[in-house]
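> Sharing a model prediction with you, sequence too.
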Amino acid sequence: MKEQVTGPAMKRAQGARPLIAAGVVAVAVMLIVVIFPFSKVLELKTRDLRTALSGGADVVAPVVIVTIDDVSFDQINIRWPWPREILAQAILSLNDAGARVIGLDIMMGDRGYIPAEDAALEAAITEAGNVILPAKFDRRVQGEIQIDYYDVPLPEFDEGARSVGFINFLSDQDGYVRRIVPTDATTGANQYAFALEILGAYSGAGVSRTDDGIVAGTFNIPALADNTLLIDYAPAGSFRTVPFYQVIDGTADPEIFRNAIVLIGAFFKESHDLFLTPVESESGLYGVEIHANILNTIYSGNYLIDTGRSIDFVILLALVTGGALVLVRLKPAIGLLVAVIVAVLYGVVAIVLHSMAGTILDMFDPILTVILLWVGSVLYRYLVVEKQRRKVRSTFSRFVSREVVDSILDSGRAIELGGETREVVIFFSDICGFTPLSESMSPADVVEMLNEYFTEMTDIIFRCGGTVNKYIGDAIMAFYGAPVPLTNASERAVRACLDMRTALELFNEKREQQGKPAIGIGMGLHKGRVLVGNIGSPRQMEYTVIGDAVNVSSRIEGLTRTLETDLLISDEVYQDVKELITVDTFAPVAVKGKSEKIVVHSVTGLRGNHES
């Protein structure tokens with residue numbers, strides 16, 4: 001051991017240790033969470049889970065999807081791409097049926113093979129006056145070269161259309177589409193998403209941007225910090241669909257389309273217009289279905305609100321700080337229970353907020369943080385706390401019973417190994433006439449006798465909560481009240497002495513049966529304030545007590561020969577146990593090292609009602 005710390009200094013050091021550990025664990029966890037490579041993707045998966053648990057959005061927008069599908073290919077008997085006059089016929093039929101807006105989710109940037117067919121489609125778009133056409137922007141970087149691609153409708157189509165909106169989706173890191181950019185200025189002027197242009201036409205007031213966000217007719221899209229709109233998906237298959245061929249052959253009920261938003265789009269795999277989404281992660285949703293979900297999100301006004309990095313960071317910081325301070329002080333099993341409860345509660349709150357209020361909290365990082373905090377606290381306990389526990393066990397197992405050591409460790413009480421002043425009861429005993437007795441015995445017999453005697457007496461001291469300090473030849477020194485404070489130290493010490501008296505009788509009976517001489521002992525008890533702790537040199541430390549009370553106890557034990565008794569206690573001990581024992585009180589006697597005489601009492605036994 002190195003320099004010994006004592007009293008308040010040690011208490012401060014011991015009190016600061018968990019705080020330092022909490023700080024180290026907190027910093028380590030924050031670093032792991034920040035650099036964890038998969039956290040963003042896994043966070044997105046927790047959002048998909050919350051979407052599934054919420055059941056998805058309800059469809060309230062009057063949207064009908066006209067599907068260009070395999071059934072229509074078979075019925076029309078023409079594979080894709082179709083002649084544009086077929087599209088023209090569908091637009092006119094839908095307009096005649098009373099469709100309020102027609103969103104044509106088919107790129108119109110190239111001319112057809114037959115000019116007359118383009119002219120027919122141009123005429124249909126112009127006549128209907130309610131068709132929204134798509135545009136697409138793409139930016140590719142090759143080395144230091146940036147190339148922007150614009151796929152926009154042909155001028156003649158653009159001129160006859162109600163408006164044009166871009167159909168770009170944003171793919172997250174895992175390739176899923178969960179959001180869009182509502183407005184873009186890539187071309188130098190504000191361009192709006194396909195769904196916004198449709199809603200602007202549906203309301204008859206167009207789309208505009210304000211300081212508070214975007215207005216699409218009567219629909220308000222709030223200002224978004226990252227200029228993205230989260231899509232509140234309805235379950236897959238929620239929107240009404242009509243095969244394209246039924247619009248052409250007139251078998252579709254016209255009432256289906258009256259005052260509706262009609263989307264025309266690809267519904268066949270060869271279109272390569274499939275995207276992975278939270279509600280369909282296997283086959284994916286067609287692009288036209290995603291547009292329907294965007295329309296429904298805005299139409300319902302039930303926007304998903306991401307709390308943002310600032311709030312997520314504050315939550316994370318609070319969990320890290322509070323969790324570290326709490327978990328490093330708990331046993332692993334209890335800490336695990338607390339961590340599980342906190343993680344589950346946080347998860348429930350995140351799910352409820354998503355389902356009830358459309359508010360999205362980061363879920364993965366906070367739960368990962370709680371788990372890592374528990375792991376960190378376990379490592380701390382095994383690397384630091386368990387090391388300290390082993391040190392305490394090694395230090396005290398020689399002096400006290402295993403139960404006392406366990407009590408010290410389980411209580412979490414600080415043990416002042418450097419030394420502290422405490423009131424204890426000190427015990428001394430030795431064997432009467434040991435020197436002449438040992439001279440009459442072989443060394444081996446002496447060692448055997450002492451070992452048996454010390455074993456019997458030490459067990460009694462331990463059983464009564466005492467601490468065996470040392471064996472001095474044939475003498476035993478012990479004390480009660482340290483390292484674990486005892487409220488009834490005097491009673492425990494006296495009962496231990498009386499048990500020793502009984503044990504010695506049995507010990508001597510056994511020796512006499514073996515033809516060996518009996519022994520007698522003298523015992524002394526005194527209570528006083530002493531310095532108790534790990535005392536000695538850096539090379540050799542001993543947990544012991546020092547002080548005047550120790551010397552007085554030793555002198556009292558020495559008086560047992562003069563006063564011809566086996567157990568003497570000081571008046572300080574007697575005042576604590578006088579209702580418990582019967583005594584013979586002696587006149588004040590002088591002891592070496594004390595200027596004043598002291599009163600001692602010879603304990604004859606327990607009072608009748610205390611003999612258990």
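Cool, got the structure.
> what about the lengthiest strand in the chain, distance to the chain center?
If you go by DSSP state E, the chain has its longest strand at strand 521-536. Relative to its chain's centre, strand 521-536 lies at 47 Å (C-alpha atoms, centre = their mean, to the nearest Å).
> and what of stretch 427-438?
Distance, centroid of stretch 427-438 to centroid of chain: 61 Å (C-alpha atoms, centre = their mean).
> Now tell me what touches it from outside.
446, 453, 457, 461, 466, 472-480, 493, 496-497, 500, 517, 519-525, 553-554, 556-557, 560-561 (C-beta atoms under 8 Å, 6 or more residues apart in numbering). Where you see a C-beta, it was placed from the backbone N, CA and C, and this is true even at glycine.
> tell me which residues in that stretch are buried?
Within stretch 427-438, the residues scored as buried using 16 or more other C-beta atoms under 10 Å are 427-431, 434, 437-438.
> could you give me the average pLDDT of that stretch?
Stretch 427-438 shows an average pLDDT of 92 in the prediction.
> for it, how far is the first residue from the last?
Criterion C-alpha to C-alpha, to the nearest Å; first-to-last residue distance in stretch 427-438 is 23 Å.
> cool, and stretch 531-547?
End to end - C-alpha to C-alpha - stretch 531-547 spans 6 Å.
> quick one: average pLDDT of that stretch?
If you average the pLDDT values across stretch 531-547, you get 78.
> Stretch 496-514 now?
Stretch 496-514 comes out at a mean pLDDT of 94.
> Just the buried residues of it, please?
For stretch 496-514, burial by neighbour count (16+ other C-beta under 10 Å) applies to 496-500, 504, 507, 511.
> same thing with stretch 481-495?
Neighbour-count burial for stretch 481-495, counted by 16+ other C-beta under 10 Å, picks out 481-484, 486, 488-495.
> Just give me the residue closest to the centre of the chain.
residue 370 (1.6 Å; C-alpha atoms, centre = their mean).
> Please determine how far it is located from residue 352.
18 Å (C-beta to C-beta, to the nearest Å).
> next one: residue 505
In terms of C-beta to C-beta, residue 505 sits 73 Å off from residue 352.
> what are the ranges of the strands in the stretch 151-300 of the chain?
163-166, 170-171, 177-180, 183-184, 191-192, 207-210, 213-216, 219-222, 229-230, 240-243, 261-266, 274-277, 280-286 (DSSP state E, counting those that start in this stretch).
> What residues does residue 53 make contact with?
351, 355.
> same question, residue 304
Applying C-beta under 8 Å, 6+ apart, the residues near residue 304 are 230-232, 297, 354, 358-360.
> which one of the residues you listed has the most neighbours?
Per-residue neighbour counts (other C-beta atoms under 10 Å) across the contacts of residue 304 peak at residue 231, which has 27 neighbours.
> Could you double-check that that residue sits in contact with residue 291?
No - with contact defined as C-beta atoms under 8 Å, residue 231 and residue 291 do not form a contacting pair (9.9 Å).
> Give me the distance between the two termini of stretch 152-163.
For stretch 152-163, the end-to-end distance is 12 Å (C-alpha to C-alpha).
> Okay, buried residues for that stretch please.
With the criterion 16+ other C-beta under 10 Å, stretch 152-163 contains buried residues 152-154, 156-158, 160-163.
> Can you add pLDDT and distance to residue 238 and give those back as JSON lines?
JSON lines is the format used below for the buried residues of stretch 152-163 (pLDDT from 0 to 100; distance: C-beta to C-beta, whole Å):
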{"residue": "152", "pLDDT": "88", "distance to residue 238": "31"}
{"residue": "153", "pLDDT": "91", "distance to residue 238": "29"}
{"residue": "154", "pLDDT": "90", "distance to residue 238": "34"}
{"residue": "156", "pLDDT": "92", "distance to residue 238": "36"}
{"residue": "157", "pLDDT": "92", "distance to residue 238": "31"}
{"residue": "158", "pLDDT": "91", "distance to residue 238": "32"}
{"residue": "160", "pLDDT": "91", "distance to residue 238": "32"}
{"residue": "161", "pLDDT": "92", "distance to residue 238": "28"}
{"residue": "162", "pLDDT": "93", "distance to residue 238": "26"}
{"residue": "163", "pLDDT": "92", "distance to residue 238": "26"}
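> Turn those residues into CSV, columns for distance to residue 107.
Converted to CSV, the buried residues of stretch 152-163 look like this (distance: C-beta to C-beta, whole Å):
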residue, distance to residue 107
152, 9
153, 8
154, 10
156, 15
157, 10
158, 12
160, 16
161, 13
162, 17
163, 16
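> Which of those sits closest to residue 169?
residue 152 (17.3 Å; C-beta to C-beta).
> How about the contacts made by the closest one?
So residue 152 contacts 109, 135-136, 158, 164 (C-beta under 8 Å, 6+ apart).
> ok, 7 Å please
109, 135, 158, 164 (C-beta atoms under 7 Å, 6 or more residues apart in numbering).
> That's all I had, so thanks and see you.
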